[in-house]
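Asker: just coords:
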């Protein structure tokens, strides 16, 4: 399925002075505005490739680590200057991977700033664990999820963050989300405590009220649903935030038009002594013209999986004010489990996929789309790779559908597993094919050994590549097409386990195109043509992010490639189309008439693509043929 691959292409790489957070699916993720969230133990980085902005390419100076290394070298050898570029390195490494002809893609990066807050006063409790603040010592960051686009005051996305002390915080950009810091605007746990529970289910077993208050204040996981694809309700958010807590309950919230969170429901999901460890929302499915349903699946600490159906119905009130009504069904059990902890959970085409130590499980029912099989499937993972840390029992950090038939499972050791025929009869591919993806990712990650601080290399003389562990906390695909991947990793070995100082530890953020040989020029042109001629509604997703996978792929091509001429011809054909839309509909609802029209959305995408191709240093032929 995957033939011998050429050298992968590194699109961008950065070093962040921090330590990795706990490996999970929520450490590295993209929002619909083309911004990438990177979660470390004490910091939250929001990075945006300049291609997804209206800003020029940033000029990145030397980072602090490079400056310190230069000053240290000058102080050690103030007179004699030698060129060590050809000197043998401390470790044996392969040749460097390819880079774009115009250089690596630069990023605009900001951090989320958190206000100090004393929870002791808010909860009127003397429990010390309630008084920690985000980013402080002993309170690492655990999880972060994006909201749909169009919710923030600036019109972009919000961010919900979970800390180690159980605080669920909502962040919004202080102005420009690409240049201004993100600030905390609300804490859901405090709001939940001060609001009434619309339909709380009393627990079967009673616990001490004070203990229950403490457990309710400690959130365990969070999940934010997608936007509801309703044309009539365009611009009216109906997404739902789920916040689980240590008492076994889940609070459901919405960030309504009042630009503040409103609690929809609060219910007991687990028996006393159990709680939810993972949650995931499915896509919204239309039941009729005004009603949409989504399923919230959640894992219980005893290893079981349960689900609840949430329904939202569009309503028009006085003065034609629109709103969403909320309903939910009873809790159902999807899998009773075997006592093992579930490490990751995700809906793919309404197929529920979850992982445990060494195994992958799937569940498809009548609501699953674009597949022909039903029922349970289970696969036992084998060890992929012989390097240090390679194990089938590592934490799963990503479950990605590369194409309609191939599923990719990535573990924290950068071991990868491919499942073929996902749409008809899922089965694991031979280890040799899965190994190629892992080798590409490790090869790129190990190139950062040249930038590892000196304290981490003490005692590592002669250490081979296989002796290094590429400890990875997050992995995410860029967009819905192509093989552009971004991941956050840290190089460790048994000789460097004693290093705890954050000043001597760096997270390597890498974006690369892996297994690109499987993407032919014909497949690229067909996918781009489909995107331009059958565009998505560009209200809840940025046109730059829709086109980003295609532009990144073009940047990785060699200068002699003739694909630029095909893209130019395609753009010119699309720009010649006349935008036609229903003027009567536009007069009744200007928003729907302007943003739900396929011709207008196609022209918007063509304009963005034409601008990108014109300013790109790679597509010289495009500018020459204008």
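Answerer: Ah, there it is. Remember, it's a predicted structure, so these values are computed and weren't measured experimentally.
Asker: residues of stretch 44-63 that come out buried?
Answerer: The neighbour-count check on stretch 44-63 (16 or more other C-beta atoms under 10 Å) flags 44, 45, 46, 47, 48, 49, 51, 52, 53, 57 as buried. The C-beta positions use only the backbone N, C-alpha and C, and glycine is treated the same way.
Asker: Closest one of the residues you listed to residue 333?
Answerer: Among the buried residues of stretch 44-63, residue 44 lies closest to residue 333 (C-beta to C-beta), at 35.0 Å.
Asker: so what's the residue lying closest to that closest one once chain neighbours are set aside up against?
Answerer: Leaving aside its sequence neighbours, residue 44 sits nearest to residue 112 (C-beta to C-beta, 6 or more residues apart in numbering; 3.9 Å). The contact partners of residue 112, by C-beta atoms under 8 Å, 6 or more residues apart in numbering, come to 43, 44, 46, 159, 161, 171, 181, 182, 183, 184.
Asker: Parallel or antiparallel, list what pairs with the strand or helix carrying residue 112.
Answerer: Residue 112 is part of strand 107-113 when elements are defined by DSSP states H and E. Strand 107-113 pairs in its sheet with strand 44-49 (antiparallel), strand 182-187 (parallel), by DSSP bridges.
Asker: Export the buried residues of stretch 44-63 as a markdown table, with columns for pLDDT and distance to residue 607.
Answerer: Listed next are the buried residues of stretch 44-63 as a markdown table, based on pLDDT from 0 to 100; distance: C-beta to C-beta, whole Å:
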| residue | pLDDT | distance to residue 607 |
| --- | --- | --- |
| 44 | 90 | 33 |
| 45 | 92 | 30 |
| 46 | 93 | 26 |
| 47 | 91 | 25 |
| 48 | 91 | 20 |
| 49 | 89 | 19 |
| 51 | 79 | 14 |
| 52 | 76 | 15 |
| 53 | 78 | 15 |
| 57 | 76 | 20 |
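Asker: Could you identify the most distant pair in the residues you listed?
Answerer: Distance extremes for the buried residues of stretch 44-63: the farthest pair is 44 and 57 at 24.0 Å, using C-beta to C-beta.
Asker: What are the boundaries of the helices in this protein?
Answerer: 64-76, 119-123, 188-194, 209-216, 431-446, 454-457, 521-533, 543-555, 563-575, 583-588, 590-595, 598-615, 620-624 (DSSP state H).
Asker: Which of those helices has the lowest mean pLDDT?
Answerer: Of all the helices of the chain, the minimum mean pLDDT falls on helix 119-123 (a mean of 43).
Asker: from what I can see residue 339 touches residue 300, true?
Answerer: No. Counting by C-beta atoms under 8 Å, residue 339 sits too far from residue 300 to count as a contact (11.1 Å).
Asker: who's more crowded, those two?
Answerer: residue 300 (23 against 9; other C-beta atoms under 10 Å).
Asker: separation between the more buried one and residue 564?
Answerer: To residue 564, residue 300 is 53 Å away according to C-beta to C-beta, to the nearest Å.
Asker: how about the strands paired with strand 107-113, which one is nearest residue 343?
Answerer: Per C-beta to C-beta, nearest to residue 343 of the strands paired with strand 107-113: strand 44-49, 22.5 Å.
Asker: circling back: tell me the one of the buried residues of stretch 44-63 nearest residue 144?
Answerer: Closest approach to residue 144 among those (C-beta to C-beta): residue 44, at 6.3 Å.
Asker: which residues does that closest one contact?
Answerer: 37, 38, 111, 112, 141, 144, 159, 161, 171, 182.
Asker: Now which of these would you call buried?
Answerer: Buried among these by 16+ other C-beta under 10 Å: 37, 38, 112, 141, 144, 159, 161, 171, 182.
Asker: okay if I get these as a markdown table plus pLDDT and distance to residue 473?
Answerer: A markdown table is the format used below for those (pLDDT from 0 to 100; distance: C-beta to C-beta, whole Å):
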| residue | pLDDT | distance to residue 473 |
| --- | --- | --- |
| 37 | 94 | 12 |
| 38 | 94 | 9 |
| 112 | 82 | 17 |
| 141 | 87 | 11 |
| 144 | 94 | 12 |
| 159 | 94 | 17 |
| 161 | 93 | 15 |
| 171 | 92 | 20 |
| 182 | 90 | 20 |
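Asker: Just put those in TSV and tack on distance to residue 372.
Answerer: As requested, these are exported to TSV (distance: C-beta to C-beta, whole Å):
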residue	distance to residue 372
37	35
38	38
112	43
141	41
144	36
159	38
161	40
171	42
182	44
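Asker: Against residue 328, how distant is residue 269?
Answerer: Applying C-beta to C-beta to residue 269 and residue 328 gives a distance of 11 Å.
Asker: Overlap of the contact sets of the two?
Answerer: residue 308.
Asker: Compare these two and say which one has the larger neighbour count.
Answerer: A count of neighbours by other C-beta under 10 Å puts residue 269 above the other of residue 269 and residue 328, at 22 against 18.
Asker: Not counting sequence-adjacent ones, nearest residue to the more buried one?
Answerer: Nearest to residue 269 is residue 250, by C-beta to C-beta, 6+ apart, at 4.9 Å.
Asker: residues in contact with the one you found?
Answerer: Residue 250 is in contact with 242, 243, 244, 266, 267, 269, 276, 279, 296, 298, counting by C-beta under 8 Å, 6+ apart.
Asker: what about 10 Å?
Answerer: 219-221, 223, 242-244, 265-270, 275-276, 279, 296, 298, 308, 331 (C-beta atoms under 10 Å, 6 or more residues apart in numbering).
Asker: Show me what it is bridged to.
Answerer: Assigned bridge partners for residue 250, using DSSP bridges, are residue 244, residue 267.
Asker: what about residue 381, neighbour count?
Answerer: 23.
Asker: Apologies, that question was intended for residue 30.
Answerer: Residues near residue 30, counting by other C-beta under 10 Å, number 18.
Asker: State the distance from it to residue 479.
Answerer: Going from residue 30 to residue 479 by C-beta to C-beta gives 8 Å.
Asker: Give the residues shared as contacts by the two.
Answerer: Shared contacts of residue 30 and residue 479 (C-beta under 10 Å, 6+ apart): 545, 548.
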